[in-house]
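# sequence and predicted model, in that order:
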Amino acid sequence: QVQVVESGGGLVQAGGSLRLSCAASGSIFSISVMGWYRQAPGKQRELVATATSGGTTNYADSVKGRFTISRDNAKNTVVLQMNSLKPEDTAVYYCNAVVKTRWGTLPNSYWGQGTQVSVSS
C-alpha cells in the first residue's frame, strides 16, 4: 500500500503566498513523477506542476513564474510554493505520485485526499 498525504493550504488574500507539502509513504520501490493538480468547483481536475525523479519540472501556463515545485527524492516529498496568488487559483489541490511498488512492475498513480486553497480578492 502507498499513502500520499498533503499538508498546507488555507485562506489567503490575493497577492499572498502559500506552501503545500506532500509526502508519499508505504511500499515504494521508486517514484517517477510527483506533482500537484487542482480542481475548482464545476471544473475538471487540471495539472498545476510536476517534477520527475531526474529533476525535470513542468508547469501549467497559468502558474508559470508564480509557483515553484521542488522534490526531495530521498524523502519522497514534494513541495509547491505558491506566490502572487490570484482568486482564480482557488481550488482543491491534490498531490499525485506515480509509484512502482516492486522492481519490474508497472507504476500506479496514487492521490492524496486534497487540500483547499482559497484566495480572496
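Nice, I can see it. All values reported here derive from a predicted model rather than from experimental measurement. Numbers count the residues shown, from 1 in each chain.
# let me know the outermost residue of the protein.
Computed with CA atoms, centre = their mean, the residue of the chain farthest from its C-alpha average is Gly104, at 26.0 Å.
# what does the pLDDT read for that residue?
We have a pLDDT of 87 for Gly104.
# how about Asn76?
So, for Asn76, pLDDT stands at 97.
# name the helix or strand for the closest residue to it other than its chain neighbours, please.
Leaving out its chain neighbours, the residue that sits closest to Asn76 by CB to CB, 6 or more residues apart in numbering is Ala24, at 4.4 Å. C-beta: built from backbone N, CA, C; applies to glycine. Element membership of Ala24 [criterion: DSSP states H and E] is strand 18-26.
# flag every buried residue along that strand.
Neighbour counts over strand 18-26 (16 or more other CB atoms under 10 Å) mark Leu18, Leu20, Ser21, Cys22, Ala23, Ala24 as buried.
# what do you get for stretch 1-14?
Val2, Val4, Glu6, Gly8, Gly9, Val12.
# repeat for stretch 51-70
Along stretch 51-70, these residues count as buried under the neighbour rule (16+ other CB under 10 Å): Ala51, Thr52, Tyr59, Val63, Phe67, Ile69.
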